[in-house]
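In: Sequence first, then the predicted structure, then my questions.
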Amino acid sequence: MDLSLNLLDLEKTPASDVKAKGWPDLMRKVLRSGAVVITNHNHPQAVVVSAEEYQRLVDQANGHSAGAQRAQSLQALQAEFDAHLSSLQDGSLARALARPARRGRRIPLGKSL
């Protein structure tokens with residue numbers, strides 16, 4: 001749901017109406033219009049949005065949209081793959097595979113072949 005960036009374009013309700021009509025009436029307005037500006041003496045005091053809309057706005061502000069998260073995951077996976085590939089391409093693996101293995105030969109831990 002795209003909300004207006006201008007408070008003047010959002011539905012407004014006085015704080016006294018929220019007190020008199022109660023929370024359920026306010027939430028009906030929020031669900032109908034997406035956001036409601038609570039005013040005090042015709043001055044905006046707060047904006048009420050649904051919990052889902054709030055989370056979406058926070059995620060958007062933090063750059064955590066689904067597409068952005070997927071792109072970050074793919075970049076991390078590509079960096080890990082590139083690191084493994086470069087370690088294989090340095091020649092040590094090819095040298096190790098070129099030498100025949102001897103049975104009973106002990107390989108010290110942490111040493112390359």
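Out: Great, that's in hand.
In: Helices along the chain, start to end?
Out: Along the chain, counting by DSSP state H, helices occupy 15-21, 23-33, 51-61, 66-89, 92-98.
In: Domains in this protein, by residue range?
Out: The record's domain split for the chain, according to automatic domain parsing, is 7-59, 65-95.
In: ranking those domains by mean pLDDT, which is last?
Out: If those are sorted by mean pLDDT, domain 65-95 sits at the bottom with a mean of 80.
In: Please compute how far that domain lies from its chain's middle.
Out: Here domain 65-95 shows a centroid-to-chain-centroid distance of 21 Å under the convention C-alpha atoms, centre = their mean, to the nearest Å.
In: Next: stretch 23-35.
Out: Using C-alpha atoms, centre = their mean, the offset of stretch 23-35 from its chain centre is 26 Å.
In: Same question for stretch 27-44.
Out: Counting by C-alpha atoms, centre = their mean, stretch 27-44 comes out at 27 Å from the chain centroid.
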